[in-house]
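Undergrad: turn this into a structure:
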Amino acid sequence: MTESIEEKKVPANPGEEWLKVESLDLDAQGVAHKADGMVVFIEGALPFEEVQFNVHRRKNNWEQGTVTTIRRESSQRVRPGCPHFGLHTGACGGCKMQHLDAAAQVAVKQRALEDNLWHLGKVKPENLLRPLEGPAWHYRYRARLSVRHVVKKGTVLIGFHERKSRYLADMQVCPVLPKQVSEMLMPLRELIGSMDARDTCPQIELACGDAPDSTRLGTIALVLRHLEPLSRADIDRLKAFAAKNEGVQWWLQPKGPDTVKLLEEGGTPLAYRLPEFGVTMPFKPTDFTQVNPHINRALVGKALRLLDVQSDERVIDWFCGLGNFTLPLASQARVVLGIEGSDTLVARATDNFKRNQPATSARRELSSATFVARNLFEMTPEMLVADGSADKWLVDPPREGAFALAKAIADLHQQPELRTDGWTPPKRIVYVSCNPSTLARDAGLLVHQAGYRCTYAGVVNMFPHTAHVESIAVFEQE
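TA: Residues are numbered from 1 along each chain as shown. Below is the predicted model of the structure:
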């Protein structure tokens, strides 16, 4: 057991106040109130538990600390699935909620979504969607792993940082990574430790693809960031490691992301698949793709069902990236416009669309799809009108949200004279969000200034055991 559970056995400190934990915040801290009304945030404590804690940070109206004693334990407390999780010295900081039952984690995230929508946007969805869930373990197909040669310990560490620390955790396994990758951590540490460049390789970025049948792990791309040119001996060591470990593909990154290059040609290219729509998406290891392919497949299907695209409709996919939603949309709509801020991604999305045109009559025909580059953080009503009317929108922004886009459509609603060329707003918008606070802000604009109702909203458990909240919301014209 980790110390976060064992600590309940520590004798109580006489005179210290017992606190009843009322809720859990998104940093997985228990929230309680002292007798004088002061708010207390307690790491390691769960709702409905009675605890004592030690204080490590204090402000005028709140305190923050770590649980020391649990008198009444929550029925939702579980044994963490990873030996590196906990409150002990050196604990990994990659996960925050492993001590909480997986279903309860989803409930916490659903509550966070509803609270953000109401408190920040004054929006209450008419209906709550059932959470989208998938495997709780071995789901993470993307990760940025830090690398450090620790001379004093005579070892190389690879993984995530310790909880609230700049030091790397001494990770020997990681149950949220694919099992094959988790089992590779120690051999990777040995490999880097044997290299001439052990002190100048600060990072390995992981990107996994699907196997052709989409049911298992395919190519495992490892992007090695190296600050100095690699020796011939090091190159040979990397090649030997790839030959020994099935599916491993080394990429080298001497400088910025644009310098990433495949070490050895051949092998199976990286790709993920959306079988429901007959789509295969090739990608490079530094491209943005969803961390959890199981949930991504379910999310794309759910979003398209909520959008309910008809064969005679025009759809705009905002922040389209590589075409994760655009290509499935093109299997249903009359025409799709994908808009993205990066010229490089626009080129890649266009190429992916061409690659997915049917080579045989057995494959599904994709309708017309066009991709263009726009700075979506500087959208104006005039730019929105210039992109033309669409029956429906799919919006999938980064953490910053889609404020400029929401503001532009709100301005067009409030100033009809700006709607030139017969422009009309979309009847329905499906908004996929990775940040509930920016979703709430944009939802407030759409509902209170742009003439929409929020008809559905719900969470998508893309990152089990972490505080990350992915969600989806539907807006329909009044």
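Undergrad: my guess is Ala333 contacts Ile316. True?
TA: No. Using CB atoms under 8 Å, Ala333 is not in contact with Ile316; the gap is 10.0 Å. All C-beta spots, glycine's among them, are computed from the backbone N, C-alpha and C.
Undergrad: with neighbour numbers in mind, choose between the two.
TA: Ala333 (28 against 25; other CB atoms under 10 Å).
Undergrad: show me what contacts the more buried one?
TA: Ala333 sits next to Val309, Gln310, Ser311, Glu313, Arg314, Val315, Ser367 when contact means CB atoms under 8 Å, 6 or more residues apart in numbering.
Undergrad: among those residues, which ones are in strands?
TA: Arg314, Val315 (DSSP state E).
Undergrad: in JSON lines, list the contacts of Ala333 along with distance to Asp387, pLDDT and neighbour count.
TA: As requested, those are arranged in JSON lines below (distance: CB to CB, whole Å; pLDDT from 0 to 100; neighbours: other CB atoms under 10 Å):
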{"residue": "Val309", "distance to Asp387": "18", "pLDDT": "96", "neighbour count": "24"}
{"residue": "Gln310", "distance to Asp387": "20", "pLDDT": "96", "neighbour count": "12"}
{"residue": "Ser311", "distance to Asp387": "21", "pLDDT": "94", "neighbour count": "8"}
{"residue": "Glu313", "distance to Asp387": "15", "pLDDT": "97", "neighbour count": "20"}
{"residue": "Arg314", "distance to Asp387": "11", "pLDDT": "97", "neighbour count": "18"}
{"residue": "Val315", "distance to Asp387": "12", "pLDDT": "98", "neighbour count": "29"}
{"residue": "Ser367", "distance to Asp387": "18", "pLDDT": "75", "neighbour count": "15"}
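Undergrad: between the contacts of Ala333, which sits nearest Arg198?
TA: Comparing these against Arg198 with CB to CB places Val315 closest, at 50.5 Å.
Undergrad: how far away is that closest one from Leu405?
TA: Noted for Val315: a distance of 15 Å to Leu405, by CB to CB, to the nearest Å.
Undergrad: same deal with Leu418?
TA: Taking CB to CB, one finds Leu418 at 15 Å from Leu405.
Undergrad: could you check which of the two is surrounded by more residues?
TA: Neighbour count, other CB under 10 Å: between Leu418 and Leu405, Leu405 has more, with 26 against 16.
Undergrad: tell me the pLDDT at the more buried one?
TA: At Leu405, the predicted lDDT confidence score is 98.
Undergrad: specify the local secondary structure of it.
TA: Leu405 falls in the helix class when you classify it by DSSP: H, G, I helix; E, B strand; the rest coil.
Undergrad: mean confidence for the longest strand belonging to the chain?
TA: Longest strand of the chain, by residue count under DSSP E: strand 62-72. Looking at strand 62-72 alone, the average pLDDT works out to 94.
Undergrad: which residues of the stretch 151-300 of the chain fall in helices?
TA: Using DSSP state H, counting those that start in this stretch, the helices of the stretch 151-300 of the chain run over 179-182, 185-194, 232-244, 293-307.
Undergrad: just name the most buried of these.
TA: helix 293-307 (a mean of 20; mean count of other CB atoms under 10 Å).
Undergrad: what separates that one from the chain centre, distance-wise?
TA: Distance of helix 293-307 from the chain centroid (CA atoms, centre = their mean, to the nearest Å) equals 14 Å.
Undergrad: for it, packing partners?
TA: The contact analysis (3 or more CB pairs under 8 Å, 6 or more residues apart in numbering; DSSP states H and E) places helix 293-307 against strand 271-274, helix 326-330, strand 392-395, strand 428-433, strand 452-460, strand 470-477.
Undergrad: sorry, back to before: export the helices of the stretch 151-300 of the chain as TSV, with columns for mean pLDDT and distance to Val395.
TA: Formatted as TSV, these follow (pLDDT from 0 to 100; distance: least, CB to CB, whole Å):
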stretch	mean pLDDT	distance to Val395
helix 179-182	97	32
helix 185-194	98	37
helix 232-244	98	39
helix 293-307	97	10
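Undergrad: Asn127 is nearest to which of those helices?
TA: Once the helices of the stretch 151-300 of the chain are compared by CB to CB, helix 293-307 is nearest, at 10.8 Å.
Undergrad: what angle separates that closest one from strand 428-433?
TA: Angle of helix 293-307 versus strand 428-433, following axes from the mean of the first three to the mean of the last three CA atoms, to 10 degrees, is 160 degrees.
Undergrad: contacts for helix 293-307?
TA: With CB under 8 Å, 6+ apart as the criterion, helix 293-307 contacts 129, 132-135, 139, 141, 210, 214, 272, 274-277, 289-290, 315, 324-325, 328-329, 332, 392, 394, 428, 430, 432, 456, 460-462, 470, 472, 474.
Undergrad: can you rerun that using 7 Å?
TA: Outside helix 293-307, the residues within contact range by CB atoms under 7 Å, 6 or more residues apart in numbering are 132, 134-135, 139, 141, 210, 272, 274, 276, 290, 324-325, 328-329, 332, 392, 394, 428, 430, 432, 456, 460-462, 472, 474.
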